[in-house]
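[1] after the sequence you'll find the predicted model.
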Amino acid sequence: MAIEFNPNRPIYIQIMQRICAQVLRGEYQPGEKLPSLVDAGLQFNVNHNTIARVYRELGWQGVVETRRGEGTFVTEDCAVLEALHGTLRDSLLENFFTEMHRLGYSAEEMKAAFQEYLRRKHDIVQDKEIHP
Amino acid sequence: MTNNHLIIDAQNIHKYFGKKQVLSGLEFQLPAGKIYAICGKNGSGKSVFLRILTGLMFPSSGRVDIFGQHLGVDMEFPSNTGALIDHPGFLMNESGRRNLLLLAKISGKATPDKIDETLSFVGLDPGDRKPFKTYSVGMRQRLGLAQAIMEDPDLLILDEPTAGLDFDGQREIYEYLIELRKRGKTILITSHSQGEIKLLCDKAFLLDEGKLDILSDIQVEEFPPVTDGD
């Protein structure tokens, strides 16, 4: 399935975010080898140089480690992965805040709306458990 | 050798076969150290142009310089260049290794150790004694690539290097070419595959009506300027 990228943001940044999300979801385990430049290039339908840049940037962030002749591996450093979790969470919250703010919501209204959303989600989940 | 140094400089190339004009004032300048592709319809002149670049054919007019040397004047065949065009004339009853050893005797540049290293690099077993006639399409393509790179040339000219290969075979050739690029080689391929060009090439050219135009430039397409907030 073709992956669609936002044309307004550099592709390599979007791929970096996707890989970080995959690591945080456990789709890549600490120490696991990431796809080669060729395989990742084919997967994302981009040039191998773009993947090389992604891996280089993630390497500078400590999320991955490239070993010459072996490939690129997810870090086993738990502190880095925890920090990554925090960064992604903050990024999602920032997106939520920005979009809600654009719609004219105050901080209190955002908080109330989110709590109502969570309550409805909880009800839906409970309802599914009772009526599968 | 800087990245801006021209490896190939072809100027005003014309080629006629009788009255039929195949190349008409083609201009082509290639800096070092990247992977490039030429694509175009069948019969557009890609293979003719590659033969001109490798000294296998003369242009009707125009000039080609490779590594600064005038092809056909300073030298008959380009130096420091490996080529895979059509199927190399390997001996059917000899092993892959023996074929390369015989070729190396002619040029005197590749040692047996280098040949073994090259065979391993392309995924062939240096100890395999099976004759070439038993080789699969994929193995033949790998041996062709091995003969092109065994003298460690800085320029590789490869006519459809993944032709006839299945998906896994193509992937492996891509891995080898990317590794060669990392080692500083300049690679020029022809290709019909948009996906292959997109994956491999820094820049692609379209040969149409005897002339070359830029088809795509990875630097421009995939690395747009980073804006604020990124």
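    Sure thing, it's come through.
[2] how about the strands of the chain, start to end?
    Going with chain A. Counting by DSSP state E, chain A has strands at residues A:64-67, A:71-74.
[3] please go with chain B instead
    Along chain B, counting by DSSP E, strands occupy B:6-17, B:20-31, B:35-39, B:61-66, B:69-70, B:81-84, B:155-159, B:186-190, B:203-208, B:211-217.
[4] mind putting these into CSV with mean pLDDT, distance to chain A and mean neighbour count?
    C-betas here are computed from N, CA, C, even on glycine. Output for the strands of chain B, formatted as CSV (pLDDT from 0 to 100; distance: least, C-beta to the nearest C-beta, whole Å; neighbours: other C-beta atoms under 10 Å in any protein chain shown):
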stretch, mean pLDDT, distance to chain A, mean neighbour count
strand B:6-17, 94, 19, 18
strand B:20-31, 93, 15, 16
strand B:35-39, 94, 9, 24
strand B:61-66, 95, 25, 18
strand B:69-70, 92, 30, 13
strand B:81-84, 93, 19, 23
strand B:155-159, 95, 16, 23
strand B:186-190, 96, 12, 24
strand B:203-208, 92, 10, 20
strand B:211-217, 84, 9, 15
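[5] among the strands of chain A, which is the most enclosed?
    Compared across the strands of chain A, strand A:71-74 shows the largest average neighbour count, a mean of 18 (mean count of other C-beta atoms under 10 Å in any protein chain shown).
[6] ok, it near chain B or not?
    No. For strand A:71-74, no contact with chain B is found by C-beta under 8 Å from any C-beta of the partner chain; the gap never falls below 10.9 Å.
[7] same for that strand, what does it pack against?
    Strand A:71-74 sits against helix A:48-60, strand A:64-67, with contacts defined as 3 or more C-beta pairs under 8 Å, 6 or more residues apart in numbering or on different chains; DSSP states H and E.
[8] want to throw the strands of chain A into CSV with mean pLDDT?
    Below are the strands of chain A laid out as CSV (pLDDT from 0 to 100):
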stretch, mean pLDDT
strand A:64-67, 94
strand A:71-74, 96
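[9] just put the strands of chain B in JSON lines and tack on distance to A:Arg102.
    Compiled in JSON lines, these are given as follows (distance: least, C-beta to C-beta, whole Å):
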{"stretch": "strand B:6-17", "distance to A:Arg102": "51"}
{"stretch": "strand B:20-31", "distance to A:Arg102": "46"}
{"stretch": "strand B:35-39", "distance to A:Arg102": "43"}
{"stretch": "strand B:61-66", "distance to A:Arg102": "58"}
{"stretch": "strand B:69-70", "distance to A:Arg102": "62"}
{"stretch": "strand B:81-84", "distance to A:Arg102": "56"}
{"stretch": "strand B:155-159", "distance to A:Arg102": "52"}
{"stretch": "strand B:186-190", "distance to A:Arg102": "48"}
{"stretch": "strand B:203-208", "distance to A:Arg102": "40"}
{"stretch": "strand B:211-217", "distance to A:Arg102": "36"}
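[10] how about the helices in the chain?
    Looking at chain A here, since you left the chain open. With DSSP state H as the criterion, chain A has helices at A:11-24, A:37-44, A:48-60, A:78-102, A:107-130.
[11] oops, I was thinking of chain B
    Secondary structure of chain B (DSSP H): helices at B:46-53, B:96-107, B:112-121, B:137-149, B:167-182, B:194-200, B:218-222.
[12] dump the ones you listed to TSV, plus mean neighbour count and mean pLDDT.
    Shown next, in TSV, are these (neighbours: other C-beta atoms under 10 Å in any protein chain shown; pLDDT from 0 to 100):
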stretch	mean neighbour count	mean pLDDT
helix B:46-53	23	93
helix B:96-107	17	92
helix B:112-121	17	94
helix B:137-149	22	91
helix B:167-182	18	92
helix B:194-200	21	92
helix B:218-222	15	66
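[13] for the residue nearest to B:His192 when sequence neighbours are not counted, what are its contacts?
    Closest residue in space to B:His192, ignoring its immediate chain neighbours: B:Cys39 at 6.4 Å, by C-beta to C-beta, 6 or more residues apart in numbering or on different chains. Taking C-beta atoms under 8 Å, 6 or more residues apart in numbering or on different chains, we find B:Cys39 in contact with B:46, B:190-192, B:197, B:204-207, B:215.
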